[in-house]
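S.K.: Provide a 3D model corresponding to the input given below.
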Amino acid sequence: MELEKGPEQGPADAEGCLVVAIRIPVRIVVLVLVVPVRMVWDVLVAGGRLLRDAVLRPVGRGLAWLGRVLVVVPLVAFGRYVLVPVGKAVAWLAKVLVVVPLVWLYRWVLAPFGRGVVWVVERAGAGLAWVGRGIYGGLAWLGRYLVVLPGGWLYRWVLTPVGHAVAWLGRGVGWCGRMVVTGVGTVLYWTLRVLVVLPAVGVWRWVLVPVGRVLAVVGREVGVALGHAWRVAGYVSRAVGRALAVLARWTLVEPARWVYRTVLTPVGHLLRDGVWRPAAAVSRAAGRAAREALASARLAVRQTLRRALFGGPPPVPDAVPDAVPDDRREPSGAGTRTLGSRTTALTKD
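M.R.: Numbering: from 1, shown residues only. Predicted structure coming up:
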């Protein structure tokens, strides 16, 4: 029993030695090859996500909005306000011009004509059936005595003996053929077995199976190594990415933030309070003065043009004569109300 089990345990031990021999080199080589690929893959994934979130989605939303505005809404409006009314009009015209006349034609012309044709065909069919039964009876009698009875006699006394003889001869020929085919098949079987099958079995058992086991072990180890290397490369890629992020933060972001907070912000506040705001106030004042000067110049030009086109206002006299009454003057002291008077300057005629 041990001698029989020995050859079966040999491949397992050899496979274990082979695994131990190729596992570590394969994993080292695969790790060296996979780490750059994984880092490039992570960079591509990050770039793809950034491109998707920053470019493709906004562009897609814009294209969807444009498609809705330029295609969907016009098509819906066209279908609602053009195709639907036209379809209803065409359906109404078809009903009035086609369906209603066809229904009337079927109801009052075709249906009565069809009923008449059916009645005529039924009557003609009854007559033809009576004639057909007579003809069929005659033909059946003639066929029985002219065809069936001679045919039965010919089959019984001629064809049956000939058929038995042909069948016996066919069985003999078949037996001879089977014997020939069996002999040829036996020779071919042993020839193929000796020349093809046994060498193929030997090659399969002693060459292909061991090589296949070795290749299976190598493939399995390469697959396992690829899995481990991919995971390790992911850890390495994340560590490198975090290190680059920290390096970028402390070499670019933090110095830029410090410069912005400690230098640019005070300088910006100083420029805003000491330069931009006074300059803006001066510019606003200059603008206000310029607008007032422009308004005054425009008014002066307008008055000059009006005087040149329509003439100036009438001259005002230096003194008003005493004889000219002016009802708009203030009432005099004599016309004011006194203690003995009942009228005032407002009620006086």
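S.K.: going forward, measure contacts between C-alpha atoms and count neighbours the same way
M.R.: Noted.
S.K.: State the distance from residue 83 to residue 92.
M.R.: 14 Å (C-alpha to C-alpha, to the nearest Å).
S.K.: no wait, residue 273
M.R.: For residue 273, the distance to residue 92 - C-alpha to C-alpha - is 79 Å.
S.K.: Same question for residue 243.
M.R.: 77 Å.
S.K.: after the helix or strand hosting residue 211, next one along is what?
M.R.: Assigned by DSSP states H and E, residue 211 falls within helix 209-248. Sequence-wise, the next helix or strand downstream of helix 209-248 (DSSP H and E) is helix 254-259.
S.K.: mind checking how far that following helix is from the chain centre?
M.R.: On the basis of C-alpha atoms, centre = their mean, to the nearest Å, helix 254-259 is displaced by 45 Å from the centre of the chain it belongs to.
S.K.: again with stretch 75-89
M.R.: Centroid separation for stretch 75-89 versus its chain: 28 Å, with C-alpha atoms, centre = their mean.
S.K.: what mean pLDDT would you report for that stretch?
M.R.: Per-residue pLDDT over stretch 75-89 has a mean of 91.
S.K.: Please put the alpha-carbon coordinates of it into CSV.
M.R.: Extracted as CSV, the C-alpha positions of stretch 75-89 are listed here (Å, rounded to 0.1, in the frame of the first residue of the first chain):
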residue,chain,number,x,y,z
LEU,A,75,-41.1,69.1,-30.6
VAL,A,76,-43.6,69.0,-27.8
ALA,A,77,-45.1,72.3,-28.9
PHE,A,78,-45.1,71.2,-32.5
GLY,A,79,-46.8,67.9,-31.6
ARG,A,80,-49.3,69.6,-29.3
TYR,A,81,-50.3,72.6,-31.4
VAL,A,82,-49.7,71.2,-35.0
LEU,A,83,-49.7,67.5,-35.2
VAL,A,84,-52.5,66.8,-32.8
PRO,A,85,-55.0,69.3,-34.5
VAL,A,86,-53.9,68.1,-38.0
GLY,A,87,-54.3,64.5,-36.8
LYS,A,88,-57.8,65.2,-35.5
ALA,A,89,-58.7,67.0,-38.7
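S.K.: hmm, who's touching that stretch?
M.R.: Here stretch 75-89 makes contact (C-alpha atoms under 8 Å, 6 or more residues apart in numbering) with no residue beyond itself.
S.K.: Give me the buried positions along it.
M.R.: Within stretch 75-89, no residue is scored as buried using 16 or more other C-alpha atoms under 10 Å.
S.K.: Does anything pack onto the helix holding residue 211? Which helices or strands?
M.R.: Using 3 or more C-alpha pairs under 8 Å, 6 or more residues apart in numbering; DSSP states H and E, the elements in contact with helix 209-248 are helix 2-51.
S.K.: next SSE after the helix it packs on?
M.R.: helix 57-67.
S.K.: Return the set of buried residues in the helix or strand harbouring residue 154.
M.R.: For residue 154, the element it lies in under DSSP H and E is helix 149-154. Residues of helix 149-154 include none that count as buried (16+ other C-alpha under 10 Å).
S.K.: Just checking the distance from that helix to the centre of its chain.
M.R.: So, by C-alpha atoms, centre = their mean, the centroid of helix 149-154 is 79 Å from its chain's centroid.
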